[in-house]
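Novice: give me a 3D structure for the following:
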Amino acid sequence: MNLKIFLVLSLGLLALQNNVSAENILFFMGVTNYSHRISIWPLVEKLAELGHNITFMSAHPPRALANPKVHEFVSKGLQKGIASFVSTNLIEMRSKVGSARMWDGLFDLTLEANTFMAQEKEFREWLESSSYDLVFVDALGCDFAVGLAYKFKATYAIISTTAPYTMWQYDTIGAPAETSWLPDMQLFPPEDMGLWDRIWNTLNPILWTWQRHHIFYPQIEKLLREDLGIKDMPGLRELEANVSLVLANTHYSDDYARSHPPLVVPVGGMQCFQPSKPASKEMEAFMNNTGRDGFIYVSFGSAVQIPHMSAEQRNIFFTAMRTAKTNFFLKWSGDIPKDLPKNVFTASWVPQQTILAHPNVRGFITHGGLLGIQEAMFAGVPMIVVPVFGEQDYNAHKLHNLRRGIKIELRNLRQEGLDNAISSILTDPSYKKNMEEASRLFKDRPENPIDTAVWWTQYIIRNGPVSALRPLGIKQSWYRRRSLDVWFIIFTVTVLLLLLSIKIIFKVFCRTRSKPEARNLSKKRN
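Specialist: Okay, the predicted model is just below:
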């Protein structure tokens with residue numbers, strides 16, 4: 001009898017804890033890659049299971065069976081806007097302009113995609129007929145949706161899918177600008193930064209923030225007010241300061257220690273805590289038969305493909321695979337090349353977490369996307385990272401410094417460098433040891449990150465925008481947040497006092513020197 005009472009009370013308490021009415025929630029993933037979808041999809045599905053009405057808006061149709069509980073809005077306007085980026089050979093672009101310059105077109109790409117979407121008939125009809133209580137906005141290039149949240153009179157939250165903070169996000173969410181010791185995501189200077197590194201590391205977020213506020217935002221505001229008829233909309237800078245929550249795809253074990261404001265909740269690696277999909281029989285047979293030699297898994301994600309490499313670069317990879325004392329599992333789309341080494345198994349679709357969890361895997365060669373790094377950490381697999389664009393250099397740089405993997409530069413890729421990297425991963429046990437330690441830290445949490453994300457989502461649903469979570473400085477200008485006006489006054493006063501002191505000393509010195517001369521002149525006259 002007591003057991004029955006206990007069970008009834010437990011179920012009652014659980015029901016009270018999750019007593020949140022069904023809300024209309026929009027996830028806006030505008031100018032993003034498909035991988036951004038993967039990182040937050042566990043949260044999307046969990047909220048749908050809890051009875052919330054979920055709309056997921058992006059430029060990418062689902063690659064697997066769609067969840068019937070989630071309404072997907074695949075915007076043709078967004079697809080048209082990012083078509084130039086999707087069709088770009090990112091490997092070739094990196095070889096020509098380098099990694100830092102690949103960020104330059106982000107605002108133009110975002111504006112073009114949003115303009116096409118605003119002209120889309122289906123989008124306009126959806127906008128006029130929809131109502132939402134909560135809008136989640138991806139942190140990268142999705143500022144347009146902040147205006148949509150205002151139109152819906154909805155609570156607005158951010159999902160930072162690629163990294164804790166982009167270059168401008170210190171000012172967006174009121175986080176301390178720790179630029180003297182935290183490397184910038186675009187510039188990725190050495191951890192032990194010298195003076196010149198710290199100067200650029202400090203200036204870069206300010207430059208991005210200034211561009212957003214004075215060049216990019218006025219254009220987006222015009223689009224929202226004039227094209228979409230949101231006439232009474234305040235400025236985006238004012239609206240973005242009303243953010244209620246930031247779910248950051250990060251964890252202390254895969255990032256530098258940093259100061260998060262209360263509204264930032266780390267939920268890194270949600271995709272790792274879901275059941276992985278099974279491998280095919282052919283995949284299982286290959287992995288099981290690799291024996292003591294094992295295999296290295298090679299994948300460059302959804303936006304980058306090895307076939308896009310130059311003939312020279314691809315030949316270097318194939319030669320390294322052919323001569324290495326191991327086997328390779330290569331994610332490859334398209335026709336199989338004739339010069340593919342015999343110790344290489346290929347597949348166009350791969351259940352990545354399942355492959356990385358196999359006991360025979362020895363390493364992971366990849367482009368350095370955050371999701372792949374998290375999944376490798378979860379499995380304790382050392383990495384060779386060949387970054388291509390975005391935050392991948394930042395991720396690779398950090399991984400290399402922690403000796404959890406080896407970073408290789410694609411622009412000056414050499415046969416010896418790749419051969420040595422593969423050999424080191426296979427023979428130096430420190431890389432495996434460091435990744436296994438990272439895996440323990442990554443998994444050791446008070447609760448599943450999906451549950452954490454769900455709890456905080458329902459927290460702001462229950463309570464609405466909670467100003468207590470926002471730092472006081474979130475609405476300050478970039479120079480006030482850094483106390484530059486204070487330091488300018490201190491510097492100016494110090495310089496003026498110094499000049500005044502020099503002037504007084506000079507006058508005293510001149511008077512003292514002139515007195516003996518005056519006395520001598522007086523004596524001569526007498």
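Novice: so who does residue 88 touch?
Specialist: Listed by C-beta atoms under 8 Å, 6 or more residues apart in numbering, the contact set of residue 88 is empty. For every residue, glycine as well, the C-beta is placed using N, CA and C.
Novice: quick one: it and residue 23, what's the gap?
Specialist: Using C-beta to C-beta, to the nearest Å, we find residue 88 at a distance of 38 Å from residue 23.
Novice: the closest residue to residue 28 other than its chain neighbours: how many residues sit nearby?
Specialist: Excluding the flanking residues, the one nearest residue 28 by C-beta to C-beta, 6 or more residues apart in numbering is residue 145, at 3.8 Å. Neighbours of residue 145 under the rule other C-beta atoms under 10 Å: 21.
Novice: so who does residue 145 touch?
Specialist: For residue 145, the contacting residues are 26, 28, 30, 135, 137, by C-beta under 8 Å, 6+ apart.
Novice: ok, 10 Å please
Specialist: 26-30, 57, 114, 135-138, 156, 158 (C-beta atoms under 10 Å, 6 or more residues apart in numbering).
Novice: flag the least confident of the residues you listed.
Specialist: Least confident entry in the contacts of residue 145, by pLDDT: residue 30, with 84.
Novice: would you mind measuring from it to residue 227?
Specialist: 16 Å.
Novice: that older thread, what's the following helix or strand after the strand or helix carrying the residue nearest to residue 28?
Specialist: Using DSSP states H and E, residue 145 sits within helix 144-152. Downstream of helix 144-152, the first helix or strand assigned by DSSP H and E is strand 155-160.
Novice: any weak-confidence spans in this structure?
Specialist: 1-20, 65, 86-87, 164, 303, 513-526 (pLDDT under 70).
Novice: again, 50 this time
Specialist: Flagging of the chain using pLDDT under 50 yields the residue ranges 1, 3, 5-17.
Novice: where do the strands of the protein begin and end?
Specialist: Ranges of strands in the chain, per DSSP state E, are 24-29, 53-58, 70-74, 134-138, 155-160, 246-248, 264-266, 295-298, 327-331, 344-347, 361-366, 383-385, 405-407.
Novice: to residue 177, which of these lies closest?
Specialist: strand 264-266 (14.3 Å; C-beta to C-beta).
Novice: quick one: strands adjacent to that closest one?
Specialist: With DSSP bridges as the test, strand 264-266 is paired with strand 246-248 (parallel).
Novice: residue 279 is in contact with residue 345, isn't it?
Specialist: No: assessed by C-beta atoms under 10 Å, residue 279 is found out of contact with residue 345, at 11.2 Å.
Novice: follow-up on the earlier one: chain center to the helix holding residue 145: distance?
Specialist: Computed by C-alpha atoms, centre = their mean, to the nearest Å, the chain-centroid distance of helix 144-152 equals 22 Å.
Novice: where do the helices sit along the stretch 201-350 of the chain?
Specialist: 217-222, 236-240, 281-288, 311-323 (DSSP state H, counting those that start in this stretch).
Novice: please save the CA atoms from the first one in CSV.
Specialist: What follows is helix 217-222 as a C-alpha-only set of coordinates in CSV (Å, rounded to 0.1, in the frame of the first residue of the first chain):
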residue,chain,number,x,y,z
TYR,A,217,21.2,46.4,-39.0
PRO,A,218,19.9,49.5,-40.9
GLN,A,219,19.4,47.3,-44.0
ILE,A,220,17.7,44.5,-42.1
GLU,A,221,15.5,47.0,-40.2
LYS,A,222,14.4,48.6,-43.6
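Novice: give me the buried positions along it.
Specialist: Using 16 or more other C-beta atoms under 10 Å as the test for burial, helix 217-222 gives 217, 220, 221.
Novice: how close does the first one get to residue 246?
Specialist: By that I understand residue 217. 19 Å.
Novice: then residue 222?
Specialist: Separation of residue 222 from residue 246 (C-beta to C-beta) stands at 27 Å.
Novice: what's the answer for residue 120, then?
Specialist: 29 Å.
Novice: which one's more surrounded, the two?
Specialist: residue 246 (26 against 19).
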